[in-house]
Each structure stands twice: as C-alpha cells, then as structure tokens.
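Participant: got a predicted model here, sequence first, then my questions.
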Amino acid sequence: MKHHLIAASAGVSLCLATSAGANELKYANWASPMHTIVAAQVDPLAKALDEGTGGETTLRSYNGGELGAGPADQFVRVLQGTADMGWGVHGYTSSQFPKSLVLELPGALPLDQPGYAALWRAFPDELAQEYPRTEVIALWASEPNILMMRDKEVHSPADLKGLKMRVAGSISAEAMEALGATPVQIPMTQVYNGLQTGLIDGVISGASVLSDFKLNEVVGSITSGPNFGRLTFYTVMSQGAYDGLSDEARAALDTLKGEEISRMTEEAWVATADEALEAARQADGITVLDLEGDEAQAFNDALASVTDAYVAEVGGEAALAAIRGE
C-alpha cells in the first residue's frame with residue numbers, strides 16, 4: 001500500500017467560494033441535514049460567526065451532497081473552492097492522511113479515551129503537513145468501532161471467515177482481512193441498501209450509524225468489546241477563505257475552532273452512539289453481543305499485527321506516541 005499526498009495544483013482556487021454574497025461561507029455536508037454533524041458542529045460555528053459579526057458573515061450548510069455527492073472528494077472540494085469548509089472521513093482518502101489514520105488502528109488508543117484530544121496532541125508535530133493549504137477547523141473521532149451484521153452472529157474471528165464486510169478505508173480493510181473477512185469499500189450512504197440486499201454481510205463502524213443512517217432497520221446482530229479502533233474525521237477550511245475573513249469573523253471562528261469544536265462534535269457523536277446502541281439492546285430484532293476477557297482478546301491478538309505493520313509502513317511511531325501522550 002503506497003501513500004501519496006494530494007498536490008494542490010497551481011490552478012487551485014483558494015478564494016472565497018461564494019454565490020449568495022461575499023459574506024456567506026459554504027459548508028459542504030455530504031450527509032443529510034438530520035445527521036449529527038449539523039447540530040453538533042455546523043450550527044455552533046454558524047451561530048458564532050453570525051453573533052460575532054452582527055450578521056455580516058454567515059455559514060450555510062449545503063446538505064446531502066449539494067456541492068458534490070462524493071464523500072471521498074471533500075478535501076479536494078475545499079482546496080478547489082467549491083466549498084469554503086467541509087467535513088470528511090480520513091479513511092475515504094487514506095493516502096492523503098497516513099499518520100492521521102494511526103488513531104484508527106486497533107488498539108491505538110484505549111476504548112475509554114477521547115480521540116479528539118489524541119489527534120490534537122499529535123497535530124502540531126506529526127499531522128499538520130497532511131492538510132496543505134487549509135485551516136484545520138476540527139479533528140475528532142467516532143465512538144469505538146463495533147461489528148454490525150445483517151444476519152450472522154460474531155462471537156470469534158472464525159465467525160467472520162469469508163463474510164463481506166463494509167469498511168471505511170485501508171485501515172479497517174486490513175483489519176477485516178486479518179480476521180478472515182473480505183473487505184468491501186462503499187460509501188456509508190450505500191450501506192443500508194447493501195445490507196438489505198445482501199451485497200454485504202456486515203459493517204465495521206461506530207454505533208452512531210445505527211441512527212444516523214438508519215442501519216438499525218437492517219442490522220440483526222452487533223458485536224462489541226474488542227478494540228477494533230475507531231473512525232476519524234476532519235473539518236477543514238480553505239486557507240484563502242480563512243485569510244479572507246474580516247478580523248471579527250476570524251476572531252469569532254477562532255473561539256471555537258480546534259480542540260473546542262472537536263470536543264463538542266465528538267461528544268455528540270458518542271451521545272448519538274450511546275442512544276442508538278441502547279435502542280438496539282431494546283429492539284426485538286437485534287442481538288447485542290458484549291464480548292469480554294478471552295473472547296475479546298482473541299480479536300485483539302489477531303489485529304495486533306495490523307497495527308504494528310501500518311505504523312512501521314508510514315513511519316508513524318512518533319505519531320502513535322503523541323496520540324497516546326507518551
């Protein structure tokens with residue numbers, strides 16, 4: 001697996017992407033307006049800008065992929081000026097973010113530690129170079145990954161052998177291969193149909209997708225307990241758009257950007273996940289398996305080589321140490 005950074009070409013537009021007026025910032029949201037991202041992040045940012053500038057600078061969310069349907073193109077979409085700001089999943093463009101993705105690795109961070117704080121610990125020295133020509137607004141992680149299956153119960157790695165598992169990127173793909181499954185990479189927006197039709201047998205992700213993408217309607221069993229890692233996310237703003245803000249607008253944005261809005265977003269993700277998982281436990285059609293002890297350790301042991309190999313491949317030892325606060 002080779003890693004190549006996206007180059008910002010000479011033709012890339014870094015000016016404010018505006019159509020409705022010089023003071024409207026466009027936020028590219030590829031998910032629905034009901035997704036956790038809107039209330040957790042977009043709305044607080046919009047409120048801060050509106051109040052901090054007396055309405056002179058506003059932030060508008062273009063939902064459901066209005067500015068372009070491909071979730072994997074979010075970083076380029078901001079670089080090219082189609083959007084001023086947007087959020088994305090690191091794993092969708094794994095080659096752009098090799099060291100940021102270290103946090104996604106199984107066992108990289110204990111399950112009870114927040115991902116946003118770990119990412120910001122590593123950002124200045126280890127991750128910043130992966131976000132060229134952008135101002136990084138937020139870095140956060142999902143709740144820990146679990147296995148959500150269409151109609152199979154997974155008690156051990158052997159139960160995954162030969163099954164088709166949807167993954168979000170190269171990290172989870174290698175994890176599923178190590179457990180004997182066949183990884184399938186499709187956008188989360190297509191997972192509902194994939195599970196419903198049997199195109200895939202399951203998905204590895206956080207429990208928030210049960211409600212955010214209504215997967216609770218097509219999932220029959222859930223396995224939690226092992227440290228399968230977690231997903232990571234970013235929100236970036238084009239450097240040109242950020243530099244072009246008025247002093248008041250930049251000050252308003254700066255009150256939230258960075259660790260604060262990252263914390264708010266991740267905590268909302270986890271709250272959504274907790275609620276969705278509790279609803280799944282109460283649902284008649286879903287079996288929730290909470291593995292502990294030797295059962296959980298069997299998965300952790302099988303995945304240790306994936307983490308070690310990836311860290312060595314990308315030279316991520318220092319990034320991992322920073323993520324862990326070592």
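Facilitator: Thanks, I have it. This structure is a prediction, so every number in the text was calculated from the model and none was measured.
Participant: ranges for the helices of this structure?
Facilitator: 36-37, 43-53, 74-79, 115-122, 170-178, 191-197, 209-212, 239-243, 247-254, 259-282, 293-314, 317-323 (DSSP state H).
Participant: what's the closest of these to Gly225?
Facilitator: helix 293-314 (4.3 Å; C-beta to C-beta). C-betas here are computed from N, CA, C, even on glycine.
Participant: isn't Met149 up against Ile204?
Facilitator: No. Applying C-beta atoms under 8 Å as the test, Met149 and Ile204 come out as separate, 10.0 Å apart.
Participant: run a quick neighbour tally on the residue lying closest to Val270 once chain neighbours are set aside.
Facilitator: Once flanking residues are discounted, Val270 sits nearest to Glu143: 4.8 Å by C-beta to C-beta, 6 or more residues apart in numbering. By other C-beta atoms under 10 Å, the residues close to Glu143 number 24.
Participant: got a pLDDT number for Glu143?
Facilitator: Glu143 carries a pLDDT score of 95 in this model.
Participant: dump the residue contacts of it.
Facilitator: Gly206, Ala207, Ser208, Arg230, Trp269, Val270, Ala273, Asp274 (C-beta atoms under 8 Å, 6 or more residues apart in numbering).
Participant: ok, Asn23 next?
Facilitator: Applying C-beta under 8 Å, 6+ apart, we find Asn23 in contact with Thr53, Glu56, Thr57, Thr58, Ala249.
Participant: closest one of those residues to Asp308?
Facilitator: Nearest to Asp308 among these, with distances taken as C-beta to C-beta, is Ala249, at 45.1 Å.
Participant: can you get me a residue count around the nearest residue to the closest one once chain neighbours are set aside?
Facilitator: Nearest residue to Ala249 in three dimensions, chain neighbours excluded: Thr57, at 4.0 Å (C-beta to C-beta, 6+ apart). If you count neighbours by other C-beta under 10 Å, Thr57 ends up with 23.
Participant: close enough to count as contact, Gly198 and Met149?
Facilitator: No. Applying C-beta under 8 Å as the test, Gly198 and Met149 come out as separate, 11.7 Å apart.
Participant: more neighbours, these two?
Facilitator: A count of neighbours by other C-beta under 10 Å puts Met149 above the other of Gly198 and Met149, at 25 against 10.
Participant: quick check: bridge partners of that one?
Facilitator: Beta-bridge pairing for Met149 (DSSP bridges): Gly202, Ser221.
Participant: and it, what's its pLDDT?
Facilitator: So, for Met149, pLDDT stands at 98.
Participant: what about it, distance to Lys214?
Facilitator: 16 Å (C-beta to C-beta, to the nearest Å).
Participant: Glu326 now?
Facilitator: In terms of C-beta to C-beta, Glu326 sits 40 Å off from Lys214.
Participant: neighbour count for those two, which is higher?
Facilitator: Set Glu326 next to Lys214 and count neighbours by other C-beta under 10 Å: Lys214 wins out with 14 against 8.
Participant: from memory that one sits against Tyr192, does it?
Facilitator: Yes. Here Lys214 reaches Tyr192: they are 6.1 Å apart, a contact under C-beta under 8 Å.
Participant: from what I see, Thr36 and Thr272 are in contact.
Facilitator: Yes. Counting by C-beta under 8 Å, Thr36 touches Thr272, with 4.8 Å between them.
Participant: so these two - more neighbours on which side?
Facilitator: Shown here are Thr36 and Thr272; by other C-beta under 10 Å, Thr272 has more neighbours (23 against 20).
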